[in-house]
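Colleague: whatever this is, show me its structure:
(one chain, ligands or ions: 1)
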Amino acid sequence: MTTTARHEGKTALVTGGSRGIGRAIGRRLAREGALVAIHYGHDRAAAERTVKEIEADGGRAFAVHAELGVDGDAATLWSAFDRALADQDAEAGLDILVNNAGITVPRRIADVTEADYDRVFAINTKAPFFIIQRGLDRLRDGGRIVNISSVATRVAYPAIVSYTMTKAALDYLTLALAEELGPRGITVNAVAPGYTETEINPTLEIPEIRRRYSEASVFGRLGDPVDIADVVSFVASDDARWVTGQWIDASGGAHLGP
Ligand code: NAD
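Modeller: The predicted structure is shown next:
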């Protein structure tokens, strides 16, 4: 029996792909044959390291720069992507778009400033919206959009209220777009991690917080970025062609509640 890598011949873009969950997604998609654009904001060295890791695994990748959360970010991202693809001598177009880049505002409502609020919405909600909008002519029919949401849109986490709102908006973007893009065979889904061991969670170094976050999952451990990447790879594959408009839990059951 012959097997084919399931993303062979596909081109993917992972925003915030230089580290954490995005890095794991980029590595996984590349391992299964995709040519992967690793988008980054300011950490060029980390993006280049991820590209090198992918190449060392036998995959193909390149880095694309655009600071999100500033005016015109989506246009900057797509022109950088187009240029980089041309440099790679790769065919123009995209099959898999993963909106992964995000930030959090770990504050209760009383402490959230207007600047915090605007920034978290600009990066987590507005950027994916316009990246999708501006990318629609590049995204091939039959393509995949995967938005990285959060289990926080199903379980109340009071200390990240503005962050949760940005992800809830992303969930509804996912639902509405799945309907709009269906006639083109494009699926749109959200994958929702729970507490995952990445730099977005610096307080994991505190043993008590680490224990509490681990216990949020029914499996009693933190998520590993690879746990999320495996789900994204499935959702981005042909195996998931009949799945669209879904919010897919990847939190180890943290959505089940205490
Ligand atoms: P992370 O901080 O390691 O990664 C976030 C990525 O987004 C980084 O590559 C960062 O450079 C990029 N980014 C942030 N602001 C940017 C900007 N202005 N311009 C360009 N790029 C920018 O954290 P992570 O956990 O890997 O987060 C990935 C996604 O997963 C995020 O959307 C996050 O909300 C979501 N998520 C994470 C967890 C968790 O516990 N780690 C839980 C639920 C959801």
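
Colleague: against which helices or strands is the strand or helix carrying Ala176 packed?
Modeller: Ala176 is part of helix 161-181, with elements assigned from DSSP states H and E. Counting contacts by 3 or more C-beta pairs under 8 Å, 6 or more residues apart in numbering; DSSP states H and E, helix 161-181 packs against helix 114-121, helix 127-135, strand 139-148, strand 187-193. Any C-beta I mention is one placed from the backbone N, CA and C, and that applies to glycine too.

Colleague: at the contact with the ligand, which residues of this structure appear?
Modeller: Neighbours of the ligand within the chain, by C-beta under 6 Å from any ligand atom: 16, 18-22, 40-41, 43, 67-69, 100-103, 123, 148, 150, 193, 195-196, 198-201.

Colleague: okay, now the unreliable bits of the chain?
Modeller: 1-4 (pLDDT under 70).

Colleague: so who does the residue nearest to the spatial centre of it touch?
Modeller: In the chain, the C-alpha nearest the mean C-alpha coordinate belongs to Asn100, at 2.1 Å (C-alpha atoms, centre = their mean). Taking C-beta atoms under 8 Å, 6 or more residues apart in numbering, we find Asn100 in contact with 14-17, 21-22, 25, 148.

Colleague: hmm, try it at 10 Å
Modeller: Asn100 is in contact with 13-17, 20-26, 39, 128, 146-148, 191, 193, 228-229, 232, counting by C-beta atoms under 10 Å, 6 or more residues apart in numbering.

Colleague: again with Val226
Modeller: Contact partners of Val226, counting by C-beta under 10 Å, 6+ apart, are 21, 24-25, 27-28, 196.

Colleague: so after the helix or strand encompassing it, what's the next helix or strand?
Modeller: Using DSSP H and E, Val226 maps to helix 225-235. Remark: after helix 225-235, the chain's next helix or strand is strand 247-250, criterion DSSP H and E.

Colleague: hmm, who's touching that next one?
Modeller: Strand 247-250 has contacts (C-beta under 10 Å, 6+ apart) with 21, 146-151, 153-154, 170-172, 174-175, 189-194, 196, 223, 227-232, 234-235, 240, 255-256.

Colleague: so Gly72 versus Lys167, what's the distance?
Modeller: Between Gly72 and Lys167 the computed distance is 24 Å (C-beta to C-beta, to the nearest Å).

Colleague: who has more neighbours, those two?
Modeller: Between Gly72 and Lys167, counted using other C-beta atoms under 10 Å, the more crowded position is Lys167 (24 against 12).

Colleague: so that one touches Asn99, yeah?
Modeller: No: shown here, Lys167 and Asn99 do not form a contact pair, counting by C-beta atoms under 10 Å, at 11.0 Å.

Colleague: between the two, what contacts are shared?
Modeller: In terms of C-beta under 10 Å, 6+ apart, Lys167 and Asn99 are both contacted by the residues 124-125, 147-149, 190.

Colleague: from those, pick the one nearest Val51.
Modeller: Ile148 (20.1 Å; C-beta to C-beta).

Colleague: got the contact list for the closest one?
Modeller: The contact partners of Ile148, by C-beta under 10 Å, 6+ apart, come to 14-16, 21-22, 25, 98-102, 124, 128, 167, 170, 190-193, 228, 232, 250.

Colleague: would you turn the contacts of Val226 into CSV with neighbour count, distance to Leu35 and secondary structure?
Modeller: Output for the contacts of Val226, formatted as CSV (neighbours: other C-beta atoms under 10 Å; distance: C-beta to C-beta, whole Å; DSSP: H, G, I helix; E, B strand; the rest coil):
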residue, neighbour count, distance to Leu35, secondary structure
Ile21, 30, 20, helix
Ala24, 25, 17, helix
Ile25, 32, 14, helix
Arg27, 23, 13, helix
Arg28, 27, 14, helix
Thr196, 25, 26, strand
